[in-house]
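*Asks:* Structure here, sequence nowhere to be found:
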């Protein structure tokens, strides 16, 4: 009878779940202390301004990244299983089949194209979104900075989906830790420099941390992909999988978009209702920052 340890190593689903759980747990612990540090440096009002931009990021992520990642993972898993279905483990795939890398290229083509479009629209319309939708002019600069993260996020999300499909969760797990570590370290360094110069950090420092975190995650996952062992099989054209990935990602994107829109409505309504009942703009954003960035930290992690 095989030992439990041997069975654990031979079960990629179980081992992957454990790796992702540990990485997520460690990331949350780091994020917990990061929230404390960030709230002390930029204050409750700064946290409120920072949290206002996350529904916009959620909408962009719903359109460009998350659904495509799921579709890439599904079709990579299907293509990776073809040799085992044929009863020929270790042999090349049959003629007419496509390698998992073909699926990844198709996902990258779709996701990165949509991400660049969203980033351009967000960058150009940042002032309108900040003034007319979020009702906070200070969000304009934050949205422009945040738009830089969307194309980066689309690439490493597709690579993560590729590794999920191969049942190799270690790369996405360590990429998540690299993102969190880079975010925390970059914000800490910037705050230290500003303090040395006698300046007070603002919410822009936190968005800078987002950019650095996404870059670190991309560098880690991209390097792991480039250094991987090249599998045998038919490469094929990425355009073959574009309709399939789009067909699977579209309903997922619609569902996530509805959720993001509801969260966006909440982000706009809470500060405005607080102002309607007698609070100043600063007080309302402070309460919103305490609620969403400290008590219920949606987005900070």
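*Replies:* The structure has been received and is ready for your questions. These numbers were taken from a predicted model, which means no experiment stands behind them. Numbers count the residues shown, from 1 in each chain.
*Asks:* any idea how far residue 141 lies from residue 71?
*Replies:* Taking C-beta to C-beta, to the nearest Å as the measure, residue 141 and residue 71 are separated by 34 Å. No exception for glycine: its C-beta is placed from N, CA and C like everyone else's.
*Asks:* Looking at the two, which is more packed in?
*Replies:* Set side by side, residue 141 and residue 71 show more neighbours around residue 71, with 28 against 16, by other C-beta atoms under 10 Å.
*Asks:* Residue nearest the middle of the chain, spatially speaking?
*Replies:* Closest residue to the average C-alpha location of the chain: residue 153 at 5.7 Å, with C-alpha atoms, centre = their mean.
*Asks:* shaky segments in the stretch 151-300 of the chain?
*Replies:* Scanning the stretch 151-300 of the chain with the threshold set as pLDDT under 70 gives 230-236, 295-300.
*Asks:* so where do the strands sit in it?
*Replies:* Assignment of strands within the stretch 151-300 of the chain using DSSP state E, counting those that start in this stretch yields no ranges at all.
*Asks:* Spell out the residue ranges of the helices in it.
*Replies:* 170-196, 203-226, 242-276, 281-289 (DSSP state H, counting those that start in this stretch).
*Asks:* and the angle for the second one with helix 170-196?
*Replies:* In other words, helix 203-226. Interaxial angle, helix 203-226 versus helix 170-196 (axes from the mean of the first three to the mean of the last three C-alpha atoms, to 10 degrees): 150 degrees.
*Asks:* helices or strands next to helix 203-226 in the packing?
*Replies:* On a contact count with 3 or more C-beta pairs under 8 Å, 6 or more residues apart in numbering; DSSP states H and E, helix 203-226 meets helix 12-52, helix 139-147, helix 149-165, helix 170-196.
*Asks:* can you tell which of those is closest to residue 106?
*Replies:* Minimum separation from residue 106 across the helices and strands packed on helix 203-226 (C-beta to C-beta) falls at helix 149-165, 9.3 Å.
*Asks:* Run the angle between that closest one and helix 12-52 for me.
*Replies:* Interaxial angle of helix 149-165 relative to helix 12-52 (the same axes, to 10 degrees): 170 degrees.
*Asks:* Could you list the low-pLDDT ranges of the stretch 1-150 of the chain?
*Replies:* Answering for the stretch 1-150 of the chain: the residues below the bar, that is pLDDT under 70, span 1-10, 82-98.
*Asks:* and with 80 instead?
*Replies:* Across the stretch 1-150 of the chain, the stretches falling below the confidence threshold (pLDDT under 80) are 1-14, 16, 80-98.
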